[in-house]
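Asks: turn this into a structure:
(one chain, ligands or ions: 2)
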Amino acid sequence: MPVTQKDMQSWIEMLLAGREANPDLDLNDYLAEIPKLDSLADVPAGTPVLIRADVDAKPGDKVGEGDIRLRSMVDTLNYGRERGWKLVLFGHIGRKPEGSLDKVAGRLSELLDTDVTLVKDWWNDESREVSPAVKEQIAEADNGAVLLLENTRAYDIERLLWKAEPADAAKLAEPLSQFANEMAEKIAKVYVNEALSAGSMDASSTVVPAAMDRVALGKYIASEFEGPMNECLKTQLVVFSGLKIDKLDDLEAMISRGSIERVFAAGSLAMVLRKAIGQLDGKPVCIGAAEDPAHSDKPYFIPDDRVEQAKKMVSEGREKGIVFVVPVDSVIEDGSVKDVLQPSDQQFDIGPKSSALFTEKVAEFVANNPDGAVAFHNGVFGMFEDPRFEAGTKNFIPELKKMTDGGVKVYVGGGEGGKALEKYGEESWATHVFTAGGTVLNALGNEPVPYLAALRAAAVRTAARA
Ligand SMILES: Nc1ncnc2c1ncn2[C@@H]1O[C@H](COP(=O)(O)OP(=O)(O)O)[C@@H](O)[C@H]1O
Ligand SMILES: O=C(OP(=O)(O)O)[C@H](O)COP(=O)(O)O
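Replies: Ligands and ions are numbered 1, 2, ... in the order given. Presented below is the predicted three-dimensional model:
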């Protein structure tokens, strides 16, 4: 059913409000209200079904290389093909508009053992219309056919909500309602989300469901949220690292859930925690270039407000008995190791003393925790792609195996942390490796995953109409 501009405005306001829109709902409340794939069992053959697909993948030369997200969709796609649905997949690749799904179409075709047709130029940002040729192409496709629309991020409409503020909702309601309605009118009125990692505010994930008659969650996403993600909500030990300082918000949200007892930090998270702990304990710590305002435009820069946030987190955490394990030495840009950073030093990895400390603290955790404890690992300890800065990450991966062998359930977030496990260990060293990084952090924090919020809203709307 078409969505009005007014309804779209409320929809956008709901999305932008995040948790505040539904403060009483937790992850499982969202999941409970979203229909699963089997709810579409009665959709007749020949029906076009729009699939928000996890196509942000870089397949290598062989099946199994770089295609983990594509493989995650196979059950859902085969379910639709067996029923004779015309599957229209759409999704993004990378952040840039010029990315192409060419290679992904080829690999999907191998995985599904059928042709996957890549459809270019399917949307016009100026006229805000789906290309009429696409409608014809779908009409002419055989039952069970698979079409893949080219990179959604090639179009401005997909990115309109990325930087939106609540005050923009009225202005954005017009183009976004047109987009959702065009997709429903010219492509499909049934929508399945099978893109676990697509946790950003892309219109394809968050807005298109508003105009759909029926929506459902794909098999893989449903099982990931119901199983491993739910286990991670009980995490006692968290390893947080990487370069993005905004992960501090995720860590804060995870701590506020109440189960975390021990935090291991490396990368930017470690820098901000070292600074905060130094100030709290009256032993000032220099974090080098990361706190030099001349570097404020760099990804490793840590602004003062992040230090304040970390101080609050540490002091409240300590009151609850949480132990923060932070590095005691760093590898800097010339490959040398320093216990104390000078103002011009930039850290690229944790040093050997830190690795030894982490090993000791992991052993302590394994010894003190009964079977069934949960650990969550995210990110990498340094710029591990460069051999000079890989030791911290490489040394820690076997600790995951020790935890697993010691009866701890170990979950690894996707992204770089997953790649490091592949590079320095084996998948079996962890209980489960997620195919997404950001979405998992989001789900473990306090904010709803945007696509779950959208699917729930669509399901509530459909139920109200029935
Ligand atoms: N000092 C550093 N510590 C951690 N990661 C770093 C550092 N310097 C550069 N990086 C790079 O940042 C990337 C990982 O950061 P981030 O994006 O936060 O992790 P993820 O992708 O797992 O969420 C890696 O490619 C890594 O090489
Ligand atoms: O690779 C992705 O996520 P991830 O790095 O959080 O696992 C997804 O495609 C989301 O990408 P985005 O962060 O550009 O929205």
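Asks: list phi and psi for the residue of the stretch 251-400 of the chain found nearest ligand 2.
Replies: Residue nearest to ligand 2 within the stretch 251-400 of the chain (CB to the nearest ligand atom): Asn378, separated by 9.9 Å. C-beta: built from backbone N, CA, C; applies to glycine. Asn378 has phi and psi values of phi -130, psi 130 when expressed as degrees, to the nearest 10.
Asks: how much space separates it from ligand 1?
Replies: Distance, Asn378 to ligand 1, by CB to the nearest ligand atom, to the nearest Å: 6 Å.
Asks: also Pro398?
Replies: 19 Å.
Asks: surely that residue forms part of a helix?
Replies: Yes - judged by DSSP: H, G, I helix; E, B strand; the rest coil, Pro398 forms part of a helix.
Asks: quickly list the domain ranges of the chain.
Replies: Domain segmentation of the chain under automatic domain parsing yields 5-226+448-465, 237-368+370-407.
Asks: off-centre distance for the shortest one?
Replies: This means domain 237-368+370-407. With CA atoms, centre = their mean, to the nearest Å as the basis, domain 237-368+370-407 stands 21 Å off its chain's centre.
Asks: and that domain, average pLDDT?
Replies: Mean pLDDT, computed over domain 237-368+370-407, is 96.
Asks: do the longest one as well
Replies: Model confidence over domain 5-226+448-465, given as mean pLDDT, is 97.
Asks: and the residue lying closest to Arg318 once chain neighbours are set aside, what does it touch?
Replies: Counting by CB to CB, 6 or more residues apart in numbering, Arg318 lies nearest to Phe324, which is 7.7 Å off, once chain neighbours are set aside. Phe324 sits next to 263, 265, 273, 277, 314, 317-318 when contact means CB atoms under 8 Å, 6 or more residues apart in numbering.
Asks: from those residues, which land in strands?
Replies: 263, 265 (DSSP state E).
Asks: hmm, Thr235 and the residue of the stretch 251-400 of the chain closest to ligand 2 touching each other?
Replies: No - using CB atoms under 8 Å, Asn378 makes no contact with Thr235, being 10.5 Å away.
Asks: higher neighbour count, the two?
Replies: With neighbours defined as other CB atoms under 10 Å, Asn378 and Thr235 compare such that Asn378 has more, 28 against 22.
Asks: which residue packs closest to the more buried one, ignoring adjacent ones?
Replies: Gly413 (4.0 Å).
Asks: show me which residues of this protein are close to ligand 2?
Replies: 56, 95, 197-198, 200, 414-415, 436-438 (CB under 6 Å from any ligand atom).
Asks: show me which pair in those residues is furthest apart.
Replies: Using CB to CB, those span at most 16.2 Å, a distance reached by Arg95 and Gly414.
Asks: before we move on, the earlier item: within the helices and strands, which one has the residue nearest to Arg318?
Replies: Counting by DSSP states H and E, the element that carries Phe324 is strand 323-325.
Asks: Ala216 now?
Replies: Ala216 belongs to strand 214-217 when elements are defined using DSSP H and E.
Asks: let me know the next secondary structure element after that strand.
Replies: helix 219-224.
Asks: give me the distance from that next one to the chain's centre.
Replies: Centroid separation between helix 219-224 and its chain, computed with CA atoms, centre = their mean, is 14 Å.
Asks: how about residues contacting that helix?
Replies: Helix 219-224 is contacted from outside by 31, 36-37, 72-73, 75-76, 79, 193-196, 434-435, using CB under 8 Å, 6+ apart.
Asks: nice, that's everything, thank you.
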